[in-house]
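1. sharing a sequence plus its predicted fold:
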Amino acid sequence: MSQAGEVLTADEGVPPVDLRGDAFADNPRKVLAEALARGPVAKSKRGYEFLSYSLISDAFLDDKLDTAGPDHYERLGAGESVIWFVNNGLLSTMARTRHDPIRRLMLKAFSFRNIEAQRAEARRTATEMLETWIGDGEVDIIRQLTEYYPIRVMSAMIGIPREDIPGFAEAAHELHLLAAVPMAPGFPRLEVALEELKSYVRRLVEARRAEPQDDFVSALLAAQEVENKLSEDELIGNLVNLIFAGMGTTTKQFASAIHDIVKAGLWEELYQHPDELGDMINESLRFSPVTQFVVRIVQDDTVLGGREYPKGTRILLNLLAASRDPEKFTDPDRFDITRVNDESRLPFGWGVHRCLGQPLARLLIEEGLTLMSNRMTEVTVTDRDRGPHPAEMLGGSTSMTLSFSAR
Amino acid sequence: MPKVTYLHADGTEDVVDAQDGVSVMRTAVTKGVKGIVGECGGELMCATCHVYVLKPVNLASERSEDEDEMLEFAASPRRDNSRLSCQIIMDEPLDGLVVETPEAQN
């Protein structure tokens, strides 16, 4: 440990952590807990892993750190469409000069009032999907609810006709390859998917240009044409990004919440005490964050946690480790809904790149769980896959079977 | 050190010493004052550090265009004296500042 005021180099005394071996694949939590017990930073093949909650909190707000930009994707050998997307659509990778004004525009769709107005649509959509299997007594809840429910509500919110969804869903799903580790093998598939999504969004924008509607696509068009706030590529790119955001993370986080609540024996509790729903969701977000890490690149030499990190250093904010940090969370491996999760820095992030869709994700999970607990009883998880390798950015199962009785 | 008072919806208050040059949002977050979140870290990218300025009254009108726009996304109703506290930087002339935190920030 450093003396007060003494700054260590990034490497000095930092223990290694192996995220590729069998031990991590078998029990990632155990490996990370042991690493955290050795110190707040460890070094893996990915870079410097920040493990403690407090260090990650500081890193989120350090303006000398930023997300990996387009040059990172270029170095990895990404194709033309991926480079186009990281420059024009993916908010988290865009240069700050473009990111800031565009993020403010996007916020218009994600204001609390706007999100709250989607509650009825969320309830309607979830109910419609549930009605198709509620009589069966068994369901793959991911395939038959959590996978397409978020994108349907998101589409209604921004003005994408529901009948269009099957046409682009597969391509949108492919974008999860942007979170794969390593990413390069997925580049050819990403090129195909992005071309498909771009061409769909171009058609949608042309239709709205010809005949504006009272929706977010038309509002963005007005911001582009009248106020000149974003280029044509940025308009298309950001709509592709919204479609991408509507798939994946909420799907898996919702499924994780179902799993955690069932496993903790709290299903009936939820039915009888719906006021505890928020606490259950918050605890599940902590207990099983599907975003397992985020990447930051040091933009200019900086000191964090008493160590100096030179420009260009790759830092992984390991949310999987921090969400079980015993210094922040007492008895961290216990699913405890009485825990005061007073702030939700994990897993939506914090700082300028905090997830814009957070209020929508939360609303979707709230409405979905409320409906399920009102209509289903004696719920058990009978099967569930382990999801991707735990060193991937996005974790969470891709299939989960529940058995239940209708009520 | 200039003092700032945070009044809360539940009737309680916090009076804290602020450092010159530090925002009212950052002061609240570092001193553990409830009711102010500051999700984006003070970059005018959210409205979770919304406050109502009670004293001095003229501070309410010193909003930039970006701040004005961002206040539209506040979770609690916007009023004439609404400000984003990340944009109020404490210094001696602001000693005695009184702000009220809204019922909800997110």
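-> Good, I have the coordinates. Residues are numbered from 1 along each chain as shown, chains lettered A, B, ... in the order given.

2. what residues of stretch A:393-407 count as buried?
-> A:393-398, A:400-402, A:404 (16 or more other C-beta atoms under 10 Å in any protein chain shown). The way it works is simple: take the backbone N, C-alpha and C, and place the C-beta from them, glycine included.

3. any chance of the residues you listed in CSV with pLDDT, secondary structure and distance to A:Ala322 as columns?
-> Conversion of the buried residues of stretch A:393-407 to CSV gives the following (pLDDT from 0 to 100; DSSP: H, G, I helix; E, B strand; the rest coil; distance: C-beta to C-beta, whole Å):
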residue, pLDDT, secondary structure, distance to A:Ala322
A:Met393, 90, coil, 15
A:Leu394, 90, strand, 16
A:Gly395, 92, coil, 14
A:Gly396, 92, coil, 17
A:Ser397, 94, coil, 22
A:Thr398, 93, coil, 25
A:Met400, 98, strand, 25
A:Thr401, 98, strand, 31
A:Leu402, 98, strand, 30
A:Phe404, 98, strand, 34
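
4. report the contact partners of the closest residue to A:Glu12 other than its chain neighbours.
-> Distances taken as C-beta to C-beta, 6 or more residues apart in numbering or on different chains put A:Arg307 closest to A:Glu12, at 7.4 Å, once the chain neighbours are dropped. Neighbour list for A:Arg307: A:2, A:7-10, A:12, A:14, A:41 [criterion: C-beta atoms under 8 Å, 6 or more residues apart in numbering or on different chains].

5. can you flag the buried ones in the residues you listed?
-> Those of these that meet the buried threshold are A:8, A:10, A:14, A:41, by 16+ other C-beta under 10 Å.

6. tell me the contacts of the second one?
-> Contact criterion C-beta under 8 Å, 6+ apart gives A:48, A:307-310, A:313 as the residues in contact with A:Ala10.

7. is chain A contacted by the least confident helix or strand in chain B by mean pLDDT?
-> Least confident helix or strand of chain B, by mean pLDDT, DSSP states H and E, is helix B:65-70 with a mean of 89. Yes. Shown here: helix B:65-70 in contact with chain A (C-beta under 8 Å from any C-beta of the partner chain) through B:66, B:69-70.

8. which elements pack onto the strand or helix carrying A:Phe187?
-> Using DSSP states H and E, A:Phe187 sits within helix A:187-210. If contacts are counted by 3 or more C-beta pairs under 8 Å, 6 or more residues apart in numbering or on different chains; DSSP states H and E, helix A:187-210 sits against helix A:80-88, helix A:165-174, helix A:216-225, helix A:232-245.

9. just give me how far the shortest one sits from the chain centre.
-> In this view, helix A:80-88 has its centroid 20 Å away from the chain centroid, taken as C-alpha atoms, centre = their mean, to the nearest Å.

10. who touches the helix or strand just after that helix?
-> As assigned by DSSP H and E, the chain's next helix or strand after helix A:80-88 is helix A:96-107. The contact list for helix A:96-107 (C-beta under 8 Å, 6+ apart) reads A:66, A:91, A:94, A:220, A:223, A:229-230, A:234, A:238, A:242, A:352, A:356, B:43-46, B:66, B:69-70, B:73.

11. where along the stretch 251-400 of chain A do the helices fall?
-> A:267-272, A:277-287, A:319-322, A:358-375 (DSSP state H, counting those that start in this stretch).

12. looking at these, which is nearest to chain B?
-> Minimum separation from chain B across those (C-beta to the nearest C-beta) falls at helix A:358-375, 7.2 Å.

13. so for the closest one, what gets flagged as buried?
-> Buried residues in helix A:358-375 (16+ other C-beta under 10 Å): A:358-373, A:375.

14. ok, and of those, which contact chain B?
-> The residues of these that also fall near chain B, by C-beta under 8 Å from any C-beta, are A:Pro359.

15. number of nearby residues for A:Gln292?
-> Burial of A:Gln292 is recorded as 24 neighbouring residues (other C-beta atoms under 10 Å in any protein chain shown).

16. residues from chain B in reach of chain A?
-> Counting by C-beta under 8 Å from any C-beta, chain B sits next to chain A at B:37, B:39-41, B:43-46, B:66, B:69-70, B:72-75, B:106.

17. what about the residues you listed, which are in strands?
-> Assigned to strands by DSSP state E, none of the residues of chain B next to chain A qualify.

18. which residues of chain A score low on pLDDT?
-> Low-confidence segments of chain A (pLDDT under 70): A:1-4, A:341-344.

19. at 80 what do you get?
-> A:1-5, A:108, A:111-113, A:181, A:226, A:246, A:340-346 (pLDDT under 80).

20. contact residues of it facing chain B?
-> A:60-61, A:63, A:100, A:103-104, A:107-108, A:111-112, A:343, A:350-352, A:354, A:359.

21. coming back round to it: and the contacts of helix A:96-107, which of them are buried?
-> A:66, A:91, A:94, A:220, A:223, A:229-230, A:234, A:238, A:242, A:352, A:356, B:43-46, B:69-70, B:73.

22. mind listing what's buried in stretch B:72-84?
-> For stretch B:72-84, by 16+ other C-beta under 10 Å, it's B:73-76, B:81-84.

23. got those residues as TSV, with pLDDT columns?
-> Listed next are those as TSV, based on pLDDT from 0 to 100:
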residue	pLDDT
B:Phe73	86
B:Ala74	89
B:Ala75	88
B:Ser76	91
B:Asn81	95
B:Ser82	96
B:Arg83	97
B:Leu84	97
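
24. list the contacts for the residue nearest to the spatial centre of chain A?
-> The centre of chain A sits closest to A:Thr249, judged by C-alpha atoms, centre = their mean, with a distance of 4.3 Å. Contact analysis of A:Thr249 by C-beta under 8 Å, 6+ apart lists A:290-291, A:361, A:394.

25. repeat for A:Glu308
-> A:7-10, A:301-302.

26. tell me where chain B has strands.
-> For chain B, the strands defined by DSSP E occupy B:3-7, B:13-17, B:50-55, B:82-84, B:97-100.

27. please identify the deepest-packed of those.
-> Mean neighbour count (mean count of other C-beta atoms under 10 Å in any protein chain shown) peaks for strand B:82-84 among the strands of chain B, with a mean of 24.

28. having no further points to raise, I will conclude here.
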